Structures are given as structure tokens and as C-alpha cells.
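J.: got a sequence here, can you build the structure:
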Amino acid sequence: MVISLRSLLRSLKYLLVFVALAYTLYKGLGLLDAYIFPLDKYRVPEGSAVKVFLPGSLGSQETETLSERLILFFWYGE
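T.: Here you go, the predicted model:
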């Protein structure tokens, strides 16, 4: 079995180009992800945003159990 040095170097060259392009694509998608999605998605909202759900809020007269909340979840289909 004869292994040509020229074909081996050509295959190595293509492998290195493939690895370099894959790494570049990986890093590019990582930068795009950091740009689109914020790092801290649970930060305090800015502007006129309000908190929708406060567990144990003082304004609610009735206390909901977990089963009641689950029934409402399935009832509304959210």
C-alpha cells in the first residue's frame, strides 16, 4: 500500500481549513447569541414595565393553592 505524501498534505490542508471555518462559525454564532439574548434575563425591567406576578402579594384576598393554579393553567391553555 502506497500512501502519497502529496495527497496526505492536501487532505491535511482541507482538514485545517474545515476546522478553521467551523471554529469561526462557532465563534460568530456565539457573538450573535450574545447580541440577541441579554446576559441577565431576570434583571429589573426598565421604563414603565410592571411585575405581573408577585407570590404572596398583599392585594390578593384569596390564596391560591398549587392545584388551583394548575387547573387555571390548563383551563386557559397557556
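J.: so where's the longest helix in the chain?
T.: The longest helix of the chain (DSSP state H) is helix 5-36.
J.: and the helix or strand bottoming out on mean pLDDT in the chain, how far out from the chain's middle?
T.: When the helices and strands of the chain are scored by mean pLDDT, DSSP states H and E, helix 66-76 comes last with a mean of 81. Between the centre of helix 66-76 and the centre of its chain there are 27 Å (C-alpha atoms, centre = their mean, to the nearest Å).
J.: for that helix, list the C-alpha coordinates in PDB.
T.: What follows is helix 66-76, C-alpha atoms only, in PDB (Å, rounded to 0.1, in the frame of the first residue of the first chain):
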ATOM      1  CA  LEU A  66     -50.900  24.900  43.600                       C
ATOM      2  CA  SER A  67     -53.700  22.700  42.300                       C
ATOM      3  CA  GLU A  68     -55.900  25.700  41.600                       C
ATOM      4  CA  ARG A  69     -53.100  27.400  39.700                       C
ATOM      5  CA  LEU A  70     -52.500  24.200  37.700                       C
ATOM      6  CA  ILE A  71     -56.200  23.900  36.900                       C
ATOM      7  CA  LEU A  72     -56.200  27.500  35.600                       C
ATOM      8  CA  PHE A  73     -53.100  26.900  33.600                       C
ATOM      9  CA  PHE A  74     -54.700  24.000  31.800                       C
ATOM     10  CA  TRP A  75     -58.100  25.800  31.500                       C
ATOM     11  CA  TYR A  76     -56.600  28.800  29.700                       C
END
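J.: so for residue 77, what's the pLDDT?
T.: Note for residue 77: predicted pLDDT of 73.
J.: pLDDT below threshold where in this protein?
T.: 50-64, 78 (pLDDT under 70).
J.: can you do 80?
T.: 1, 38-46, 48-66, 69, 72-73, 76-78 (pLDDT under 80).
J.: residue 17: neighbour count?
T.: Residue 17 is flanked by 10 other residues according to other C-beta atoms under 10 Å. For glycine as for every other residue, the C-beta is placed from the backbone atoms N, C-alpha and C.
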